[in-house]
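> sharing a model that was predicted from the sequence below.
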Amino acid sequence: MNTAGRPERRIWHDTKADADDEIAFHLEMRERDFRERGMTDGEARAAAQRRFGSIENITTQVRRIDDQSAQRKRRTGMWTDLRQDIVYALRGLRRAPGFTATAVLTLALGIGANTAIFSVINTALLRPLPYVDADRLVFVWNTRNGTPEPLGPGCMMDIRRQSTSFSGFAGLSHMSFNIIGNGDPERLMGSSVASSFFDVLGARPLLGEPFHTNAADWSAVVLSHRLWVRRFGSDPSIIGRTITLNGKPRQIVAVMRPDFFWPLITGKPAAIPGPELWVPGGIGDIPRAAIDEERDMTGSRNAGYLRAIARLKPGVSLGQARAEVAAIGERMSREHQDDGGRGATIVGVRDQFFGPAKRPLVILSGIVAFVLAIACANVAGLLLGRGTARRRDLALRRALGATRARIIRQLLTESTVLALAGALGGIVLAWWGMASLSAAAPTDFIADNSLHLDARVLAFALGVSVICGLGFGAVPALQLSRDALAGALGEGGARSSGSRRAGHTRDLLVAVEIAVAVVLLVGSVLFVRSFLHLSRVDVGLDTRNLLTFDVSLTGERAQLQSRQVQFYEALQQRLSQVAGVRAVGAAVTLPIGGDDFATPYRPEGRAFPDAASVPRAGYQVITPGYFTAMGIPLKGGRDLRSSDLRDSEPVVVVNEQFAREAWPGQDPIGRRLKFDPSDTAWTRVVGLVADVRHFGPASPPRPEVYQPDSQRSFPFMAFVVRTEADPASVIPSLRRTAAELDPTLPLAGLKTMDEHLQRSLARPRFLSTLVTAFGALAVTLALVGIYAMMAWSVSERRQEFAIRLALGARGSSVMQMVLRRALGLAGAGILAGLLAARAASGVLTGMLFDVRPTDPAAFAATAAIVAVVAVAACCVPARRAIRVDPVTLLR
Amino acid sequence: MNERTTVDLLQGTLAALILKSLSWGPLHGYGIARWIQQVTEDELLVEEGSLYPALHRLQARDLVTSQWTTSETNRRVRCYSLTEQGRQQLRAELSRWERFSVAVSRALQARKPSKAV
């Protein structure tokens, strides 16, 4: 029973002093008793202490008991308080559904955007790679002028033999395989790898056993999980079965796991969906060359078609290994004439796969962080507005004994509850958005539509929301608790000092919101302008109604160049007869989305001191009719003809860029060049064609040289078919016609040139779409913020307006007064935003096409858009101000 | 009986005695000690100090509460009183003790059992 005062719960009490006092009193009383029985003072004291036992011991025990109990009570007290706060917060939020819905939706948008982008980062940059110690794996490249390029077999063997940094090393090449049987003939992307490949990666199979270092049967093949599912219906007994690849039998020895991620490895880092099967290397364990899988490559030093993966020895750093490989590269280029100008380097496996996605992702995550900041500022503003209405309530609680800390805690609980609700909404939005994000993201961002909500993404969403809850809750919590402290009980309707202070804080929040929105919108406008420029670029050919597909020859037909040419001619001939087809041609690689073949060339009459200074050009082998089919105009001389034969004079057509670089200011027709100093005959330029942007709209045209396939051919070609109408309608007849010629020949990768073009624009489109969406979201949120702020400040000042109107002020002047303040805020925000955007524009350098990051038009457009939005947001509440009925308010 | 059980039993008994001593109203520690010594004739509380850990433990279990008051000699004195929980606990202790002592005394006074049992 608590008789008087408060129960013993003064938790910060000094338990030592208490115990000392208590025991001292006991001893004193005992002494007195003993004295009364006739002992002397000294005897009494000694006897009392003896009687008591160890004072020190007892004091310690008592203190420990008290401390533990106090601690326990504090803990349970805190939980009780928290439960109470949460119940109170939920009740409060339920009572204000409009406020709650606005705040939760705002937060859900902000948190959802962040969660979605984080899920991309989680997949692309953070996820573990399915290799043992992936961080110790590197790719080895030759370099030319600092740009990585594939290795030649000799270079690769030199690096492998001379380096001491690696504990494992495996070369690999990309090649395609025609597969027949088990369905339609099909062309598959595959890889020929050194026998050590799977050992270096430390990758384990799902079924069977892949080949191992120095123990590979030449006829073995390892399937990817995807191919096994797609083509072989996940047959569990597939190991040991023989399939026909490029006309030769190969035995399936293993199926890799579904998570064995292995993209196409190109000099330009990117994670493009990779090989579907792996075969061992050829002679000398050197990966086979796509051009002829049987050829002995051991003697070829510089045929650059190889990639290599290596594992760093324990204790060797990336930097050390890179330095060693660079030194080897330098030595090789000194010792071998052919290597001139080449270096060597290594790239970490993660950088190789995801490096180029990093910068856009960092920018995107910065953008969504800003969006969230705006959302938080909005909610902080809403909380402030709501708080002033609750001043009386808080003051009452304060008067009833709640401490300031308790009130702050309660307000923070409320904001955190809001934020968590927002996080739930955000996760739903992100989950919904991820599907479209997966579909829209270019393949080098996320390899195989693998975005998903894992524990890390969820933890991110919740973590962000808690931080936000505390962040946007702090401002109102501190301010309102102080107002409550001031005891607002007395002041009812009039605009109190507390409310005015909240007003200033809200003004500041709104100005900051506008500024941030301006920064994001400037970014959006820049990206949109850049994308518009990019999509309007003339790539140099007519992409409409142009169908492309790949043909790859196998068996005997592939062996002899004359047979190859014969076949291409026959196919082209037959395809052009198909109804609806206007023209047909073929090239060894197509512009926009095709491979990158390049060659050094030496114009006649020019000497080059070393191999490094020899110019290079894009290299094309084409059938006659290719230019017509592609719509590339002839600018001079003649087209290539089927009468340009192996035994006649070697001829080429060059593009205008080539002419500009090789013979500046002169007519290229009739001039001669050599590709290699060892060439016996000169090659004559017979024609000039217009430039084509081989690497897509974003890259300027490169010098290009076109050779007729009748003089030099490859066992693979990309065909282009110009159709009268929609290319899709002629596909069946094209297939039928090709099958008449050879039923085992797949028409691989059927795509329209428009599709290739769209694909090459996928990344800028993805970026500009996202940036624009987030910019629009930011502006919308800022608009909501301005609107809510204006609505609130007008309602706070209704009495004042009523008095002004009653005293004869005109409605328009009151409205002007309201608008002036809002526009002042908006102006300040816009100005600050433009300055901030100007300062931050550097981060976009190199990401925009044909637009400077400081493009004045983008800045002006943004300022105009935001100003219009701000005025619109202010007008509605401002009109409400003058519609106040003075009588009702003043009564 | 090992030593541990003896201590437990003693502590339990001491706790019960403290609760009993407070059943007539608030007391300070010295008052409780004196009452226990009087009624048990110094059998149980050999060292007076051991009273205090027992008291504070009861307080931690919310069976007793304490207030600081001032004595005639103007010293801070901690006065303990029973809580409602403490009162219930005391009743439970009493009935348990009665059952226990009846059982023990019945056992100790029993005659030699007949073979039929």
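Cool, got the structure. Numbering: from 1, shown residues only, chains lettered A, B, ... in the order given.
> hey, C-alpha coordinates of stretch A:564-581 in CSV?
Extracted in CSV, the C-alpha atoms of stretch A:564-581 (Å, rounded to 0.1, in the frame of the first residue of the first chain):
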residue,chain,number,x,y,z
GLN,A,564,31.1,-20.8,-98.6
VAL,A,565,30.7,-18.1,-101.3
GLN,A,566,28.8,-20.5,-103.5
PHE,A,567,26.4,-21.1,-100.7
TYR,A,568,25.9,-17.5,-99.8
GLU,A,569,25.3,-16.6,-103.4
ALA,A,570,22.7,-19.4,-103.7
LEU,A,571,20.9,-18.4,-100.5
GLN,A,572,20.9,-14.7,-101.5
GLN,A,573,19.6,-15.6,-104.9
ARG,A,574,16.8,-17.7,-103.6
LEU,A,575,15.8,-15.3,-100.8
SER,A,576,15.5,-12.4,-103.2
GLN,A,577,12.9,-14.4,-105.2
VAL,A,578,10.6,-14.6,-102.2
ALA,A,579,7.4,-12.6,-102.6
GLY,A,580,7.6,-9.3,-100.6
VAL,A,581,11.4,-9.2,-100.6
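> run a quick neighbour tally on residue 82.
Reading this off chain A. Counted with other C-beta atoms under 10 Å in any protein chain shown, residues neighbouring residue A:82 total 13. In this view, the C-beta of every residue, glycine as well, is placed from N, C-alpha and C.
> correction: the question concerned chain B.
24.
> if we ignore the residues flanking it in sequence, what's nearest it?
In space, and not counting its chain neighbours, residue B:82 is closest to residue B:22: 4.7 Å by C-beta to C-beta, 6 or more residues apart in numbering or on different chains.
> what about residue A:309, which SS state?
The local conformation at residue A:309, judged by DSSP: H, G, I helix; E, B strand; the rest coil, is strand.
> wait, I meant residue A:668
coil.
> coming back round to it: check what pLDDT the residue nearest to residue B:82 gets.
Confidence at residue B:22, expressed as pLDDT, is 92.
> in which helix or strand would I find the residue nearest the centre of chain A?
Taking C-alpha atoms, centre = their mean, the centroid of chain A lies closest to residue A:361, which sits 3.7 Å from it. Using DSSP states H and E, residue A:361 maps to helix A:349-389.
> give me the helices and strands touching that helix, please.
Counting contacts by 3 or more C-beta pairs under 8 Å, 6 or more residues apart in numbering or on different chains; DSSP states H and E, the secondary-structure elements packed against helix A:349-389 are helix A:97-121, strand A:137-144, helix A:404-440, helix A:455-486, helix A:497-535, helix A:762-796.
> show me what the fourth one is packed against.
This means helix A:455-486. If you count contacts as 3+ C-beta pairs under 8 Å, 6+ apart, helix A:455-486 packs onto helix A:97-121, helix A:349-389, helix A:391-399, helix A:404-440, helix A:497-535.
> can you list the residues of chain B near chain A?
Taking C-beta under 8 Å from any C-beta of the partner chain, the part of chain B that reaches chain A is made up of B:26, B:28-30, B:33, B:47-50, B:52-53, B:56-57, B:59-60, B:65-67, B:71, B:73, B:75-78, B:81-84.
> could you measure from the closest residue to residue A:330 other than its chain neighbours over to chain B?
In space, not counting the residues next to it along the chain, residue A:330 is nearest to residue A:343; the distance is 6.3 Å by C-beta to C-beta, 6+ apart. Plainly put, residue A:343 is 76 Å away from chain B if you go by C-beta to the nearest C-beta, to the nearest Å.
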